[in-house]
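1. A predicted structure for the sequence below; I have some questions about it.
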Amino acid sequence: MHGLTDDPSIPGVIGPNSVLQLIEALKDAGLYEVCAPVFATAGVADWLIDPPEKMVDQRRVARLHQAIRAVSSPEEGIALMAESGRLTADYILANRIPKPAQVLLKLLPARLAAMAFVPAIKAHSWTFAGTGKFTGKAGSPTVFTLTGNPLCAGERASKPVCTWHAAVFQRLFQVLVSPRARAVETDCEACGGPFCRFEVDWRK
């Protein structure tokens with residue numbers, strides 16, 4: 001077991017689903033058998049033998065996510081990270097958000113549901129933001145920012161790369177706020193932006 005801790009007061013760790021669901025996405029895409037060299041390049045080959053079960057070092061996760069993006073075509077990389085994010089959100093829905101709360105959010109108008117849901121996301125942001133600074137503002141659209149995003153630290157790209165985060169937000173909002181919800185990363189630190197910024201909109 002390669003998790004470090006479940007204590008949010010210890011910096012530099014994020015949730016294991018950033019790894020576990022990426023492995024599932026690779027399996028679903030038929031790429032699991034050929035991904036061993038990528039994991040080895042990222043220095044996380046042990047995760048294929050003993051996947052993490054607790055909070056993990058954000059630097060190791062960053063190396064893995066960036067290695068996957070580096071060896072994939074842009075389309076394939078986006079698809080893998082989007083599926084990984086969707087699976088992560090589904091895990092959260094199944095295991096982390098109480099069912100009564102989910103029922104209540106679904107009964108509310110979208111704007112009120114977002115206003116009720118955003119504080120909960122902010123309160124648990126340590127599970128995906130690590131040492132980064134996360135903010136959230138409910139509205140139409142709802143806007144999230146992550147400054148010092150550990151998963152794209154040191155990466156350089158011409159287009160936003162944080163598809164995993166966007167997919168998590170999109171799936172959660174589609175289920176709990178509005179099925180029309182779409183999440184788009186409008187600024188990315190990998191592209192030289194001051195932060196990674198995500199807009200979740202359900203009006204279109």
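-> Done, it's in.

2. Contacts only, for Phe173.
-> 114, 117, 142, 181, 183, 200, 202 (CB atoms under 8 Å, 6 or more residues apart in numbering). Where C-beta positions appear, they are placed from N, C-alpha and C, glycine not excepted.

3. how far out from the middle of the chain is the host helix or strand of Trp164?
-> Assigned by DSSP states H and E, Trp164 falls within helix 163-176. Chain-centre distance of helix 163-176: 8 Å, with CA atoms, centre = their mean, to the nearest Å.

4. Then stretch 59-79?
-> Worked out by CA atoms, centre = their mean, stretch 59-79 lies 13 Å from the chain centre.

5. again, but for stretch 146-164
-> 11 Å.

6. need the strands for the chain, in chain order.
-> 13-14, 56-57, 133-137, 142-147, 182-187, 196-201 (DSSP state E).

7. returning to what we had before: and the two most separated of the contacts of Phe173?
-> For these, the maximum inter-member distance is 13.2 Å, found between Phe117 and Ala183 (CB to CB).

8. Now do the contacts for the residue nearest the centre of the chain.
-> Nearest residue to the geometric centre of the chain (CA atoms, centre = their mean): His165, 3.2 Å. His165 sits next to 85, 128, 146, 149, 151, 185, 196, 198 when contact means CB under 8 Å, 6+ apart.

9. Leu48 versus that one, what's the distance?
-> 24 Å (CB to CB, to the nearest Å).

10. next one: Arg69
-> Arg69 is 18 Å from Leu48, by CB to CB.

11. Which one's more surrounded, the two?
-> Set Arg69 next to Leu48 and count neighbours by other CB atoms under 10 Å: Arg69 wins out with 21 against 15.

12. Deepest in the core, which of the strands of the chain is it.
-> Comparing the strands of the chain by mean neighbour count (mean count of other CB atoms under 10 Å), strand 13-14 comes out on top with a mean of 24.

13. and that strand, what other elements does it pack with?
-> strand 56-57, helix 58-71, helix 126-129 (3 or more CB pairs under 8 Å, 6 or more residues apart in numbering; DSSP states H and E).

14. Including mean pLDDT and distance to Ala138, could these go into a markdown table?
-> Listed next are these as a markdown table, based on pLDDT from 0 to 100; distance: least, CB to CB, whole Å:
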| stretch | mean pLDDT | distance to Ala138 |
| --- | --- | --- |
| strand 56-57 | 95 | 30 |
| helix 58-71 | 96 | 26 |
| helix 126-129 | 93 | 18 |
